[in-house]
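Visitor: My questions concern the predicted model and sequence given below.
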Amino acid sequence: MPNETMNGAESLVRTLVGSGVEVCFSNPGTSEMHFVAALDRVDGMRAILGLFEGAVTGMADGYGRIREKPAATLLHLGPGLANGLANLHNARRAATPIVNIVGDHATYHAQYDAPLTSDIMGFARPVSAWIHSSPSALTVATDGARAVAAALEPPGQIATLILPADTAWNPAEHPAAPLPIPRPATVTSNVIDGVAAALKSGKRSALLIRGHGLKERGLVAAGRIAAKTGTRLFCDTFAPRQQRGAGRVLVERIPYFAEQIVEFLSKIEQFVIVGSKPPVSFFAYPGKPSWCLPEGAQIHYLAHAHEDGTQALEALAEALGAPKEPANVALSRKPDAPKGQFNQYTIGDVIARHMPEGAIYSDEAATSGLGTAIATATAAPHDWLSLTGGSIGQGVPLATGAAIAAPDRKVICGQGDGGAMYTLQALWTQAREKLDVTTVIFANRSYAILNIELARVGAGNPGPKATSMLDLHNPELDWVKLASGMGVEATRATTIEDFDAQFENAMRGRGPRVIEVVL
């Protein structure tokens with residue numbers, strides 16, 4: 001029998017909380033008002049408002065990468081979901097668990113083709129591994145439990161639950177019990193033994209690692225394998241999350257451009273893949289390869305993405321008789337206070353110099369990011385989050401979600417000015433929630449990566465119209481005013497000495513902060 005005091009929306013919220021979902025990042029509309037009202041009647045769900053759905057979905061991605069459990073998003077019908085698709089694309093590439101709750105018109109209202117009617121499933125399908133529209137308030141709770149379980153399916157995926165308005169407001173019975181948490185598959189001993197034999201062959205080898213293998217346990221096991229066999233350790237150009245810094249095993253990051261990848265991998269005769277895929281060029285270029293492995297190179301899969309890569313690495317280390325102490329451990333090196341030059345490399349030295357232990361770094365600095373990546377390899381231990389799907393506008397909301405997930409850790413975002421304009425609304429959420437995030441805006445007044453790509457694709461000599469499409473002058477963005485207008489303290493650095501003082505001050509304090517570095 002329906003419970004006259006509980007509607008479908010409340011049964012869903014209670015089910016989500018019971019299934020371990022503690023945060024809802026939202027930008028709701030009329031169709032989601034019963035879900036919004038239910039948030040006040042249910043303890044255990046933190047509601048966080050984002051002013052644009054692309055910021056909402058990026059926050060859910062950052063939260064999921066750090067907490068390794070899903071947040072919910074609350075999105076308004078098809079257009080709201082569509083606004084969030086770019087960062088859901090990034091989250092899908094990162095294998096981040098997310099549960100999208102997308103409102104829809106009441107089931108009986110769909111026949112009238114009202115202005116906001118759309119193909120929500122069509123919008124959701126490219127970024128969702130699981131999609132369902134609840135047909136009744138009596139099934140909403142069970143559908144919610146199924147959505148959480150689907151999001152947690154290894155290695156993590158996006159589940160989208162469509163909630164017609166009448167299924168939210170009609171009476172429901174009760175919340176649903178949580179479903180068992182799916183676990184990654186165990187790699188069999190036959191696979192372990194086969195890879196061990198391959199690494200004993202004497203061929204020049206590399207381990208390409210992604211997922212949990214880039215956390216502490218997996219890195220130690222990989223370092224032990226390297227100590228025994230001389231195998232090089234690689235990670236993808238844009239790994240979702242990597243634990244790095246002093247005391248951790250160093251992993252070489254595959255370069256970005258196709259010809260660089262080819263050269264980087266040219267001497268490798270066999271690749272052992274852990275949770276990743278063979279590297280390919282980010283784009284196609286005239287006269288340049290898309291497949292970047294050397295001709296004749298062998299590929300061995302130690303663990304696929306849905307399998308337990310950490311367990312596989314540890315078992316492989318034991319099968320090889322590897323020493324207990326790993327190779328390639330990063331030594332601690334704190335750069336001296338830089339002077340004179342003001343560029344991405346000296347900026348990176350400042351960040352590495354002052355970044356505290358346990359920090360989380362969200363990287364979307366694009367052409368300005370290499371200096372920080374190099375300098376922080378030997379900085380205090382930290383987590384590094386990358387732009388996994390290539391859709392810019394991820395860095396600031398990703399950092400925002402990470403700060404919600406880990407409120408006691410300092411979060412730093414290195415962000416290009418062009419990408420920052422896509423989702424700058426996340427700064428407002430940082431101010432509203434008093435999050436401890438320091439955002440460094442690399443202000444080169446340009447889509448600098450596209451200036452490089454314009455030449456690489458062979459498009460000819462650009463004229464004034466072409467170059468104007470990649471230029472952010474006229475007028476120049478003022479990040480001090482933009483951030484201040486959203487309640488975030490902001491300063492501008494035009495010398496390395498300025499930046500050193502401002503960044504040190506930000507690391508000593510708490511709360512949201514923006515530092516614009518003018519390059």
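Guide: Great, that's in hand. Residues are numbered from 1 along each chain as shown.

Visitor: Does residue 264 touch residue 255 like I think?
Guide: Yes. Using C-beta atoms under 8 Å, residue 264 is in contact with residue 255, at 5.4 Å. Heads up, the C-betas are built off the backbone N, CA and C, glycines and all.

Visitor: Quick check: next helix or strand after the lowest-mean-pLDDT helix or strand in the chain?
Guide: When each helix and strand of the chain is scored by mean pLDDT, DSSP states H and E, helix 448-456 comes last, with a mean of 68. Counting by DSSP states H and E, the next helix or strand C-terminal to helix 448-456 is helix 464-468.

Visitor: in the stretch 301-450 of the chain, which spans are strands?
Guide: Using DSSP state E, counting those that start in this stretch, the strands of the stretch 301-450 of the chain run over residues 359-364, 382-385, 411-416, 437-443.

Visitor: among those, which is nearest residue 394?
Guide: When the strands of the stretch 301-450 of the chain are compared by C-beta to C-beta, strand 359-364 sits nearest residue 394, at 5.6 Å.

Visitor: what pairs with the closest one, and is each one parallel or antiparallel?
Guide: strand 382-385 (parallel), strand 411-416 (parallel) (DSSP bridges).

Visitor: For stretch 472-483, list every residue counted as buried.
Guide: Neighbour-count burial for stretch 472-483, counted by 16 or more other C-beta atoms under 10 Å, picks out 472, 477, 479, 480, 482, 483.

Visitor: Can you tell me what sits against it?
Guide: For stretch 472-483, the external contacting residues (C-beta atoms under 8 Å, 6 or more residues apart in numbering) are 417-418, 420-421, 424, 427, 439, 441, 443, 445-447, 489-492, 514, 516.

Visitor: Quick check on those residues: which are buried?
Guide: 417-418, 420, 424, 427, 439, 441, 443, 446-447, 489-492, 514, 516.

Visitor: Of all pairs in these, which one is the farthest apart?
Guide: 447 and 489 (27.2 Å).

Visitor: tell me the mean pLDDT over the helix or strand where residue 79 lies?
Guide: Assigned by DSSP H and E, residue 79 falls within helix 77-83. For helix 77-83, the mean pLDDT works out to 97.

Visitor: now it: how far from the chain's centre is it?
Guide: Chain-centre distance of helix 77-83: 20 Å, with C-alpha atoms, centre = their mean, to the nearest Å.

Visitor: what's in contact with it?
Guide: Applying C-beta under 8 Å, 6+ apart, the contact partners of helix 77-83 are 27, 29, 31, 52-54, 75, 100, 102-105, 116-120, 123-124, 160.

Visitor: Buried ones from those residues, can you make that a PyMOL selection?
Guide: Here is the PyMOL selection string for the buried members of these, based on 16+ other C-beta under 10 Å:
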select buried, resi 27+31+52+53+54+75+100+102+103+104+105+116+118+120+123+124+160
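
Visitor: Let's see which of the contacts of helix 77-83 end up in strands.
Guide: The strands, defined by DSSP state E, take in 27, 75, 100, 102, 103, 104, 160 from these.

Visitor: Just the closest of those to residue 499, please.
Guide: Proximity of the ones in strands among the contacts of helix 77-83 to residue 499 (C-beta to C-beta) peaks at residue 27, which lies at 33.8 Å.

Visitor: ok, how many other residues are close to residue 485?
Guide: Residue 485: 13 surrounding residues under other C-beta atoms under 10 Å.

Visitor: quick check: mean pLDDT across stretch 398-406?
Guide: Stretch 398-406 comes out at a mean pLDDT of 98.
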